[in-house]
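K.L.:
Provided below are the primary sequence and the corresponding predicted coordinates.
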Amino acid sequence: MRETILVVEDQAGMRSFLVTALDAAGFEVEEAGDGKAALAALNKSDFDLVLTDLKMPEVGGMEVLDHVRRESPDTVVIVLTAFGTIEVAVQAMRQGAADFLTKPIESPEVLVLSVERALRERRLRQDNERLRRDEDISPGFDGIVQADPRTKEAVRLANAVAGTRSTVLLTGESGTGKDVFARAIHKAGPAPDSPFVAVNCAALPSDLLESEFFGHEKGAFTGASSRRLGRFELARDGTLFLDEVAELAPPLQAKLLRVLQEGTFERVGGSNTLTSGARIVAATNRDLAHMTESGRFRSDLYYRLSVFPIELPALRDRPADIIPLALNILARLAARSGAAPLRLSDSAAKLLKAYRWPGNVRELANVLERATILARDDDLVPELLPQEVRDGKASEEPDPAAPDLAEIGSLRDLERQAVVAALAAEDGNRRRAARRLGISLRTLQYRLKQWGMTRLGE
């Protein structure tokens, strides 16, 4: 969606120049012939930027600026002033204007450059605020999308064990978010400010894993030029996350068992016995019970690790999470790139829900990142999805708790119903209706215009 600008200028010739230049640069422009008309427009719609002359009859630019700062602090303001009255423009900037331009403006390029700079700073500010909000909610279980009953049950179990020091075993297919759950358990645990240390047991050769786990002394082996602390020491009284624990070789399984039983270990090449107070969270996508029966994994270690097992459902088994997850991922991708999130079309949403997602959440994230790169406008349409997703068939056993889109109508219909209900509840007041819906007034205006409902709330 194009960024919107309100141009406030009482001289018709100058106003025409400003509107033409900004429209040609790709902005959506609305104009007001004086300050009074500007206040009316601001009360009716939200704008990304206001470009206002300072000296106007009745309602001047400073009053427009004050109104924007008070009612729409996220909107940026650039003021226009005649040459020789720059001190007034400086005063306006002290009161919150982003920039000022002196008339006559040298060229359309100068105007557009100032506007783009102000909007770019606005986007960066919004991105920083979004990132701060993400940091606030991502630790712990509030950051986990849990619309589906199966996910809610996994979160309930994880939350119950988080406050203890018990060992947790997370199982589930690759890409189901076992690392996310491990971090959430740590953050909700008794020592959230202590270290969280992760080691992927499948990523390193067996002969290096022992050193990774327990550290080594100088000269313990060729290349050991200095003492190195292992992950158990680094974790201290925090959490040690053992990902892909099923890939441990038998000798290392025995040494890990000793740490779990006795809480002690030695560095490679050392003789001093060290203690570990780290809480263990292990994860695997393998069937450890079956591996134990076949002798490929120590049964005593399995029982030590599976004190509190939690199975994370595959994405195809938690269909109610697919669309909320997709929207969450699109928002994060947008925050990273500084753009507005793609809007998920009804047809694309149906395809996402129908596909079986063998790669689970990781695959969904990859598909959406690809779509974001390929998108040429603000809508995520089916053409942006890989062929296998477009050709995918619906799950054979749909979750009975998940609503049927065919029964409840399209996302667009639901959105329209919510808007109409909010306007009715607020006696047609658009600003209050937007606040009730949790969206901006500009977004509400855009939707009403899109649906041909512009007379509502007038």
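P.N.:
Looks like it arrived, so ask away.

K.L.:
now Pro341, nearest residue through space, not along the chain?
P.N.:
Nearest residue to Pro341 in three dimensions, chain neighbours excluded: Ala334, at 4.0 Å (C-beta to C-beta, 6 or more residues apart in numbering). All C-beta spots, glycine's among them, are computed from the backbone N, C-alpha and C.

K.L.:
tell me the helices and strands packed up against the strand or helix carrying the one you found.
P.N.:
In the assignment (DSSP states H and E), Ala334 maps to helix 322-337. Judged by 3 or more C-beta pairs under 8 Å, 6 or more residues apart in numbering; DSSP states H and E, helix 322-337 is in contact with helix 108-137, strand 343-344, helix 346-354, helix 360-374.

K.L.:
for these, which has the smallest mean pLDDT value?
P.N.:
Ranked by mean pLDDT, the helices and strands packed on helix 322-337 bottom out at helix 108-137, which scores a mean of 71.

K.L.:
low-confidence bits of this structure, can you list those?
P.N.:
Along the chain, segments meeting pLDDT under 70 span 1, 83-86, 124, 126-140, 393-417, 420-421, 424-427, 446, 449-458.

K.L.:
any idea which residue sits dead centre in it?
P.N.:
The residue lying closest to the centre of the chain (C-alpha atoms, centre = their mean) is Arg332, at 3.0 Å.

K.L.:
roughly how far does that one sit from Tyr355?
P.N.:
Computed with C-beta to C-beta, to the nearest Å, the distance linking Arg332 and Tyr355 is 20 Å.

K.L.:
quick check: which element contains Ala147?
P.N.:
Per DSSP H and E, there is no helix or strand for Ala147.

K.L.:
one more: Ala434?
P.N.:
Taking DSSP H and E as the criterion, Ala434 maps to helix 430-437.

K.L.:
from the chain's centre, how far out does the helix or strand just after that helix sit?
P.N.:
Remark: after helix 430-437, the chain's next helix or strand is helix 441-450, criterion DSSP H and E. The chain centroid and the centroid of helix 441-450 are separated by 24 Å under C-alpha atoms, centre = their mean, to the nearest Å.

K.L.:
helix 441-450 packs against which elements?
P.N.:
Counting contacts by 3+ C-beta pairs under 8 Å, 6+ apart, helix 441-450 is packed against helix 411-425, helix 430-437.

K.L.:
ok, back up a step: of the helices and strands packed on helix 322-337, which approaches Thr284 most closely?
P.N.:
For the helices and strands packed on helix 322-337, proximity to Thr284 was assessed by C-beta to C-beta; helix 360-374 is nearest, at 14.7 Å.

K.L.:
rewinding a little: who does the helix holding Ala434 touch, helix- and strand-wise?
P.N.:
Identification of packing neighbours for helix 430-437 by 3+ C-beta pairs under 8 Å, 6+ apart yields helix 411-425, helix 441-450.

K.L.:
centre of the chain to that helix, how far?
P.N.:
Remark: helix 430-437 is offset 24 Å from the chain centroid, using C-alpha atoms, centre = their mean.
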